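> kindly generate the corresponding structure for this input.
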Amino acid sequence: MGKGESSSAGAGGDRSERPTSRDVARLAGVSHTAVSFVFNGRAEGNLSAATQEKIRKAAEQLGYRPNAVARGLRRSRTAVIGLVTDHIASTPFAGALVRGAMETAWQAEHLVLSVDSGGDLAKEDAAVAELLDRRVDGIIYAAMSLRRARVPAGLHRTYAVFANCLPEDDSLAAVIPAERAGGRAAAKALLDAGHRRIALVGGLDDIASAERLRGFRDALRTVGERVGKEWIVRTGGEISAGYEGALRLFDGVAPQDRPTGVVCYNDRVAAGVLHAAARLGIDVPGDLSVVGYDDQEHMAAHLHPPLSTVALPHRAMGASAARLLLDAIETRSAPKVEVRRVECPLVSRASVGAPPAGR
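A predicted model of the protein is given here:
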């Protein structure tokens, strides 16, 4: 290339280098400043709609993309947010939460850089430090299950939001499922079908179990019903827990003394209840109605019968956490320290029917 020659080819020609904003300006027949206005978000009020469209078409024809690093330096941002998680990469719900955060970030022209610590606290601190060194605009901390979580060292040095967990010192904004309302919805599905003899099976010593039980009791109180301790069967969170809990409620118990509906801690527990019911010759939903919790992908809809369940809103939580963070980045103001609860919707399928006649 001779001295004074342009470093880029003309419009439509072969080019060995990335097209520049000056190339776009030449092709569109506008000033370089006009192109900068369009790609720096300052076009409104400065350029006509027709001029903006001409510039965007020229950029598309050339395959031009703004330099994110340079733009970030001008705006004191990198257009990247961090996502630090505990064990979430190994759970069936991880994809939905991460996808919700990534989609929301992408719409705001941000990327998400994700690090899974495997539950190692030292790795969490190191991940936060590394992300801060990379000058991310903010960080989401997400947990596998609803719990009170330690705030990783250094997290207060940037904008931060917790997702599916609560900071143990209540110092940061958090987005979590509306578990109490979800428990109410699960019980209400049975109440609305006419059931009054309702048990709860499964559960752990955790926030979700306590909140869902509160919602379960709320719903029963609306129809003047209470449930005895013998029908609250805390056996755990796996299929075996549901099987064991159902045997306690039904094996050797006369039909008139059994519950006609069961709310389960999660879909795995519900699968165990369905297995026990089949072994005992109890028809679902003819003799017994069952409601799960989670709407676990590749499971709830494929049980026999397909399971009515309350969906955990992982995608919506990821999106909400990202939106909170992006708003903070845009306004340069930390998110309000509060807990946002995201609705857990009921997904109705074939495992709920009317109670047996006379019961």
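> kindly list the longest helix within the protein.
Looking across the chain with DSSP state H, the single longest helix is helix 314-331.
> what packs against the helix or strand that that one is followed by?
Per DSSP states H and E, the first helix or strand lying C-terminal to helix 314-331 is strand 339-342. On a contact count with 3 or more C-beta pairs under 8 Å, 6 or more residues apart in numbering; DSSP states H and E, strand 339-342 meets strand 173-177, helix 314-331. In this view, the C-beta of every residue, glycine as well, is placed from N, C-alpha and C.
> and strand 339-342, C-alpha only, in CSV?
What follows is strand 339-342, C-alpha atoms only, in CSV (Å, rounded to 0.1, in the frame of the first residue of the first chain):
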residue,chain,number,x,y,z
VAL,A,339,-36.3,-8.1,48.1
ARG,A,340,-38.2,-8.5,44.9
ARG,A,341,-40.4,-11.6,44.7
VAL,A,342,-41.2,-13.1,41.3
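> turn the helices and strands packed on strand 339-342 into a markdown table, columns for mean neighbour count and distance to residue 150.
Below are those laid out as a markdown table (neighbours: other C-beta atoms under 10 Å; distance: least, C-beta to C-beta, whole Å):
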| stretch | mean neighbour count | distance to residue 150 |
| --- | --- | --- |
| strand 173-177 | 25 | 13 |
| helix 314-331 | 22 | 18 |
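> could these go into CSV alongside mean pLDDT and distance to residue 44?
Below are those laid out as CSV (pLDDT from 0 to 100; distance: least, C-beta to C-beta, whole Å):
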stretch, mean pLDDT, distance to residue 44
strand 173-177, 98, 30
helix 314-331, 96, 16
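> can you list these in TSV and add distance to residue 288?
Listed next are these as TSV, based on distance: least, C-beta to C-beta, whole Å:
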stretch	distance to residue 288
strand 173-177	27
helix 314-331	29
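> quick one: closest of the ones you listed to residue 30.
Nearest to residue 30 among the helices and strands packed on strand 339-342 is helix 314-331; the distance by C-beta to C-beta comes to 27.7 Å.
> quick one: mean pLDDT over stretch 61-75.
Taken as a whole, stretch 61-75 has a mean pLDDT of 65.
> for stretch 212-221, same thing?
97.
> stretch 135-148 too?
94.
> stretch 281-295 too?
If you average the pLDDT over stretch 281-295, you get 97.
> name the residues of it that come out as buried.
For stretch 281-295, a neighbour-count test (16 or more other C-beta atoms under 10 Å) marks 282, 284, 285, 287, 288, 289, 290, 291, 292, 293, 294, 295 as buried.
> surely residue 328 meets residue 337?
No - under the criterion of C-beta atoms under 8 Å, residue 328 makes no contact with residue 337, lying 11.6 Å away.
> quick one: the buried residues of stretch 281-295 as JSON lines, columns for secondary structure and distance to residue 120 too.
Below are those laid out as JSON lines (DSSP: H, G, I helix; E, B strand; the rest coil; distance: C-beta to C-beta, whole Å):
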{"residue": "282", "secondary structure": "coil", "distance to residue 120": "45"}
{"residue": "284", "secondary structure": "coil", "distance to residue 120": "42"}
{"residue": "285", "secondary structure": "coil", "distance to residue 120": "45"}
{"residue": "287", "secondary structure": "coil", "distance to residue 120": "48"}
{"residue": "288", "secondary structure": "coil", "distance to residue 120": "43"}
{"residue": "289", "secondary structure": "strand", "distance to residue 120": "43"}
{"residue": "290", "secondary structure": "strand", "distance to residue 120": "38"}
{"residue": "291", "secondary structure": "strand", "distance to residue 120": "36"}
{"residue": "292", "secondary structure": "strand", "distance to residue 120": "32"}
{"residue": "293", "secondary structure": "strand", "distance to residue 120": "29"}
{"residue": "294", "secondary structure": "strand", "distance to residue 120": "26"}
{"residue": "295", "secondary structure": "coil", "distance to residue 120": "30"}
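> residue 47: which of the helices and strands packed on strand 339-342 is closest?
Closest to residue 47 of the helices and strands packed on strand 339-342 is helix 314-331 (C-beta to C-beta; 22.1 Å).
> OK, contacts around residue 143?
Contacts for residue 143 (C-beta atoms under 8 Å, 6 or more residues apart in numbering) come out as 85, 86, 88, 149, 162, 163, 164, 165.
> hey, what's the first one bridged with?
Read it as residue 85. Beta bridges link residue 85 to residue 116, residue 142, judged by DSSP bridges.
> domain parsing for the protein?
Domain segmentation of the chain under automatic domain parsing yields 1-66, 79-177+314-342, 179-312.
> who wins for proximity to residue 349 among the ones you listed?
Proximity to residue 349, assessed across the domains of the chain by C-beta to C-beta, is greatest for domain 179-312 (3.9 Å).
> compute the first-to-last residue distance for that closest one.
9 Å (C-alpha to C-alpha, to the nearest Å).
> one more: stretch 258-266?
21 Å.
> quick one: mean pLDDT for it?
pLDDT averaged over stretch 258-266 gives 97.
> number the chain from 13, please
Done: numbering now begins at 13, and the last item shifts to stretch 270-278.
> which positions in it come out as buried?
Buried residues in stretch 270-278, defined by neighbour count with 16+ other C-beta under 10 Å: 270, 271, 272, 273, 274, 275, 276, 277, 278.
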